[in-house]
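Q: no FASTA, just this:
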């Protein structure tokens with residue numbers, strides 16, 4: 001079973017448990033933490049850590065690209081263009 005399958009299985013378990021009347025979110029989180037910190041859950045924890053790092057890197061790259069595009073628009077348009085440029089970048093134009 002690959003890590004992707006484990007994540008899908010875990011999500012399905014949480015979703016089905018959420019539909020029950022005696023669902024305890026804190027207990028579910030504690031069980032997940034216990035599992036991830038156990039030797040059996042170590043591969044999943046490592047995979048989750050790598051995914052988190054990749055997402056954070058992506059977010060950092062997206063933020064840098066956004067700031068760079070704002071700086072370019074401001075440099076080209078001048079002081080009044082900064083606000084307009086920021087709005088157009090934010091709207092994806």
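A: Everything's here; your move. Since this is a predicted model, take the numbers as computed values, not measurements.
Q: elements contacting the top helix by length along the chain?
A: For the chain, the longest helix by residue count, based on DSSP state H, is helix 42-77. Counting contacts by 3 or more Cβ pairs under 8 Å, 6 or more residues apart in numbering; DSSP states H and E, helix 42-77 packs against helix 3-18, helix 25-36, helix 79-90. From N, CA and C alone the C-beta is placed, and that goes for glycine too.
Q: Show me where the chain dips below the pLDDT cut-off.
A: 1-3, 77-93 (pLDDT under 70).
Q: What distance do you get for the residue nearest the centre of it to residue 48?
A: With distances taken as Cα atoms, centre = their mean, residue 55 lies nearest the centre of the chain, 5.7 Å away. For residue 55, the distance to residue 48 equals 11 Å [Cβ to Cβ, to the nearest Å].
Q: Could you count how many residues lie near residue 43?
A: 14 (other Cβ atoms under 10 Å).
Q: ok, now how distant is it from residue 35?
A: 11 Å.
Q: and what of residue 13?
A: Taken as Cβ to Cβ, the span from residue 13 to residue 35 is 11 Å.
Q: what residues do these two have in common as contacts?
A: Shared contacts of residue 13 and residue 35 (Cβ atoms under 8 Å, 6 or more residues apart in numbering): none.
Q: my read: residue 7 touches residue 43, true?
A: No. The pair residue 7 and residue 43 does not pass the contact test of Cβ atoms under 8 Å, sitting 11.5 Å apart.
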